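Asks: Sequence unavailable; structure follows:
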């Protein structure tokens, strides 16, 4: 059931993910409703935290606005281990181009 809810929020294509690839991102309250709201994309841990939050809490437009296709693909092998299984399954079932291990991501 959760996987279906996540799947409804997904963009049609990873090419729709046109968010920033550098700088600082400030998330709105409806996405980051508790705790940290500002993330520096130049810092790997901060960037990973941003992506984890947006994937888990964001709606379709948030995914498009705050996520960058290239960064998502590059981070996916690690990011997929930090999110829930239903969320990971929804993304990987829709987008087979997401790498599932570090060797695939480096290729």
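Replies: Perfect, I can see it now. Predicted model only: the values in this text are computed from it and were never measured.
Asks: Kindly list the longest helix within this protein.
Replies: helix 44-57 (DSSP state H).
Asks: list the buried ones in the next helix or strand after that one?
Replies: Once helix 44-57 ends, the next helix or strand along the chain (criterion: DSSP states H and E) is helix 60-66. By 16 or more other Cβ atoms under 10 Å, the buried positions in helix 60-66 come out as 62-63, 65-66. C-betas here are computed from N, CA, C, even on glycine.
Asks: what's the answer for stretch 87-99, then?
Replies: 87-91, 94-95, 98-99.
Asks: again, but for stretch 43-55
Replies: Going by neighbour count (16+ other Cβ under 10 Å), the buried part of stretch 43-55 is 46-51, 53-55.
Asks: Now pLDDT and distance to residue 33 too, for those, in a markdown table please.
Replies: A markdown table is the format used below for the buried residues of stretch 43-55 (pLDDT from 0 to 100; distance: Cβ to Cβ, whole Å):
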| residue | pLDDT | distance to residue 33 |
| --- | --- | --- |
| 46 | 97 | 18 |
| 47 | 97 | 20 |
| 48 | 97 | 19 |
| 49 | 96 | 15 |
| 50 | 97 | 15 |
| 51 | 97 | 17 |
| 53 | 95 | 10 |
| 54 | 97 | 13 |
| 55 | 96 | 15 |
